[in-house]
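[1] Here's a sequence, model it:
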Amino acid sequence: MPVSQRILLVAALGVFAQTVLAQTPPAQAPPSGPTVQDRIARMMSPGTGAWTTDQLATMTLLRDAALTDPYALTELRHLTDNIGPRISGSPQAQAAVDYVAAEMRALGADVQLEKTTVPHWVRGEETGALTAWPGQTPGTTQKIVLTALGSSVATAPDGLTAEVVVVNSFDEAKKLPAGAVKGKILLFNKPFDKRLAAQGNGLSAYGQAVLYRGAGPSVAASLGAAAVLVRSVGGADYRLPHTGMTYYPAGLPKIPAAAVTDEDADLLANLTHQGPVTMRLVLTPQTLPAVQSYNVIADWKGTEHPEQIVIVSGHLDSWDLGTGAIDDGAGIVVSMQVIHLLQKLGVHPKRTVRFIAWMDEEQGGEGAQTYAQEHAADLPNHIGALESDLGADHPDGVTYAGKPELGDYLRPVAQVLDAIGASTLTGGEEAGEDIGFLKGVPGFTPTQDSRFYFNYHHTAADTFDKIDPQHLGENAAVMAVVAYALADASTPAPR
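    Residues are numbered from 1 along each chain as shown. Purely as a prediction, here's the structure:
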């Protein structure tokens, strides 16, 4: 029987578990593990685990306070509307560092700014227009809506005019005749799977398409292309291009790279099928010298084991098209709210809860790499790390990365989160891009509804109005409850 069906069967039997267990003698447990009855009993009554009933009651207080306290929403409005886009190396990124540090100091946390060196890429002019195509009305052009990809090099100041070649995959590009794209603009027309995202698998849909954004320029350059276009990696309509990082490996020419909207990718595919299409592309980004920036670190000191750390975090930088509300202003403010709620309720766990606003997640994770290097000797004392970087939609539970035993360990905590529909515990390979650098440290993140996130992710539409206050509060509740649970447990999380 498939595991999924076995889980459903066990859940169904759970309704009758107490009667069954009362009337049926316990079976001999096989050497390989617990019996079905054992698993049913654990599901029906997970016990208190590593926590007392008083600690579970404190988790309930934190959960309920997170749902009603406006702190995270107020902080997010300032971060997005007042400070605005926060691309690494920008004045807005530094303003955000200063603002968040001041807010944490106001709560009474022990604040430090950790230096890190970040890239400084500046977006310039970005335009595209078809200059020749089958059926063209004489004397006309057609606008193509696009945006430069992060780290893209520039065209000549007056642009590049070349024929467009459209392929649907890397394999298709490699099967083209030799020289077929030399000196031309190559478009990788890989659609984002909207049906997969609509089924709640937005991350899977993103993972399939984002390869073309990351590797498209290098593949195109290896074939001799003069520039590369990538179909936007996201589910939005309304001609919204999605930016994001791309990479240039050593040994290959760096060519201009841009994302085009779904609609314009379809247009180019249709017209090139009919005959030759010529496009004028202008991109004028600059890669300036790297600059000094900071991770913001704020400690709410533990009472018994202050040297032991539980991280709550998000990344402070954002792309520059929107104002970074869902990516990742929301993650920053729900992490800030953890410290706020501990202060407001007078809660002081045994271990230190450390808030971190990571710098430069979007362009390489320099902040997280710096932290991992600077604190390498202390990582054995890092009990767990939480990161929120998947927006602000409804969380249905917690994803954990580490030992499988983490699921059973967290079961009493999940019971506290059941009241907000967030009790599902899911094992995953990672729980956040930044905390992924903290090797060996158990990772945790709210498991969020991913159906809509990639409609706005990395676009000009990533703005404050996309935030549902109720959902934001639910995410803050998950972060606060799990952080406190890890920080105050009688035994640390398995690792």
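[2] For the protein, which residues score under the pLDDT cut-off?
    Applying pLDDT under 70 to the chain flags the ranges 1-45.
[3] Quickly list the domain ranges of it.
    3-44, 53-119+289-488, 124-284 (automatic domain parsing).
[4] to the chain's geometric centre, what's the distance from the last one?
    For domain 124-284, the distance from its own C-alpha centre to the chain's C-alpha centre is 24 Å (C-alpha atoms, centre = their mean, to the nearest Å).
[5] For the residue sitting nearest the centre point of the chain, which three-state class applies?
    Geometric centre of the chain, nearest residue: residue 389, 3.5 Å, by C-alpha atoms, centre = their mean. With DSSP: H, G, I helix; E, B strand; the rest coil as the basis, residue 389 sits in coil.
[6] For residue 315, see how far away it is.
    Per C-beta to C-beta, to the nearest Å, residue 389 is found 6 Å from residue 315. No exception for glycine: its C-beta is placed from N, CA and C like everyone else's.
[7] Counting neighbours, what do you get for residue 344?
    Neighbourhood size, residue 344 [other C-beta atoms under 10 Å]: 14.
[8] swap in residue 291?
    Residue 291 has 14 neighbours, counted by other C-beta under 10 Å.
[9] Show me what whichever strand or helix holds it is packed against.
    Using DSSP states H and E, residue 291 sits in strand 286-300. Helices and strands touching strand 286-300, by 3 or more C-beta pairs under 8 Å, 6 or more residues apart in numbering; DSSP states H and E, are helix 91-106, strand 110-122, helix 330-345, strand 351-358, helix 366-374.
[10] Which neighbours in the sheet does that strand have, and how are they oriented?
    As defined by DSSP bridges, the strand partners of strand 286-300 come to strand 110-122 (antiparallel), strand 351-358 (antiparallel).
[11] sorry, back to before: show me the common contact partners of residue 389 and residue 315, please.
    Applying C-beta atoms under 8 Å, 6 or more residues apart in numbering, one finds that residue 389 and residue 315 are jointly contacted by 328, 331, 361, 433, 434.
[12] Once you drop chain neighbours, what's closest to the last one?
    Once flanking residues are discounted, residue 434 sits nearest to residue 368: 3.8 Å by C-beta to C-beta, 6 or more residues apart in numbering.
[13] Can you give me the distance of that neighbour to residue 285?
    24 Å.
[14] Looking at these two, which has the bigger crowd around it?
    residue 368 (26 against 21).
[15] The more buried one contacts residue 357, correct?
    No - applying C-beta atoms under 8 Å, one finds residue 368 not in contact with residue 357, separated by 11.2 Å.
[16] where do the contact lists of those two overlap?
    What both residue 368 and residue 357 touch, as defined by C-beta under 8 Å, 6+ apart, is the set residue 295.
[17] Now do the helices in the stretch 351-495 of the chain.
    Secondary structure of the stretch 351-495 of the chain (DSSP state H, counting those that start in this stretch): helices at 366-374, 406-409, 411-417, 453-456, 469-488.
[18] highest average neighbour count across those helices?
    Of these, the one with the most neighbours on average (mean count of other C-beta atoms under 10 Å) is helix 469-488, at a mean of 26.
[19] how distant is that helix from the center of its chain?
    On C-alpha atoms, centre = their mean, the centre of helix 469-488 falls 17 Å from that of its chain.
[20] do the same with stretch 321-340
    Averaged over its C-alpha atoms, stretch 321-340 has a centre that lies 11 Å from its chain's centre (C-alpha atoms, centre = their mean).
[21] cool, stretch 311-322 as well?
    Relative to its chain's centre, stretch 311-322 lies at 9 Å (C-alpha atoms, centre = their mean).
[22] go on, stretch 378-396?
    Offset of stretch 378-396 from its chain centre (C-alpha atoms, centre = their mean): 11 Å.
[23] sorry, back to before: let me know which of the helices and strands packed on strand 286-300 is the nearest to residue 57.
    Set against residue 57 and scored by C-beta to C-beta, the helices and strands packed on strand 286-300 come closest in helix 330-345, at 11.6 Å.
[24] Buried residues of the closest one, list them for me.
    330-342 (16 or more other C-beta atoms under 10 Å).
[25] Just put the residues you listed in a markdown table and tack on distance to residue 310.
    Listed next are the buried residues of helix 330-345 as a markdown table, based on distance: C-beta to C-beta, whole Å:
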| residue | distance to residue 310 |
| --- | --- |
| 330 | 20 |
| 331 | 16 |
| 332 | 17 |
| 333 | 18 |
| 334 | 15 |
| 335 | 11 |
| 336 | 15 |
| 337 | 15 |
| 338 | 10 |
| 339 | 12 |
| 340 | 16 |
| 341 | 14 |
| 342 | 11 |
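[26] ok, so of those, who is nearest residue 60?
    residue 341 (12.4 Å).
[27] Report the contact partners of that closest one.
    62, 65, 66, 69, 71, 347, 476, 480.
[28] closest to residue 161 among the shared contacts of residue 389 and residue 315?
    residue 361 (36.0 Å).
[29] For the stretch 201-350 of the chain, just list every one of the helices.
    Under DSSP H, counting those that start in this stretch, the stretch 201-350 of the chain gives helices at 202-222, 262-274, 330-345.
[30] Among these, which comes closest to residue 289?
    Between the helices of the stretch 201-350 of the chain, helix 202-222 lies closest to residue 289; by C-beta to C-beta that is 22.0 Å.
[31] mind checking how far residue 184 is from residue 258?
    Taken as C-beta to C-beta, the span from residue 184 to residue 258 is 15 Å.
[32] brain fart, residue 484
    The gap separating residue 484 from residue 258 is 45 Å, by C-beta to C-beta.
[33] ok, the residue nearest to residue 160 when sequence neighbours are not counted - contacts?
    Ranked by C-beta to C-beta, 6+ apart and with sequence neighbours excluded, the top spatial neighbour of residue 160 is residue 281, at 5.0 Å. When the contact criterion is C-beta under 8 Å, 6+ apart, the partners of residue 281 are 127, 128, 146, 155, 159, 160, 161, 162, 185, 227, 256, 258.
[34] The last one against residue 150, yeah?
    No - using C-beta under 8 Å, residue 258 is not in contact with residue 150; the gap is 10.9 Å.
[35] neighbour-wise, which of these two wins?
    residue 258 (29 against 25).
[36] okay, now the residue nearest to the more buried one when sequence neighbours are not counted: neighbour count?
    With sequence-adjacent residues excluded and distances taken as C-beta to C-beta, 6+ apart, residue 258 is closest to residue 146, at 4.4 Å. Counted with other C-beta under 10 Å, residues neighbouring residue 146 total 25.
[37] Could you do the one 10 residues further on as well?
    Neighbouring residues of residue 156 were enumerated by other C-beta under 10 Å; the total is 10.
[38] For the closest residue to residue 443 other than its chain neighbours, which residues are in contact?
    Among residues not flanking residue 443 along the chain, residue 431 sits closest, at 3.3 Å (C-beta to C-beta, 6+ apart). The contact partners of residue 431, by C-beta under 8 Å, 6+ apart, come to 385, 386, 387, 399, 400, 401, 443, 444, 445.
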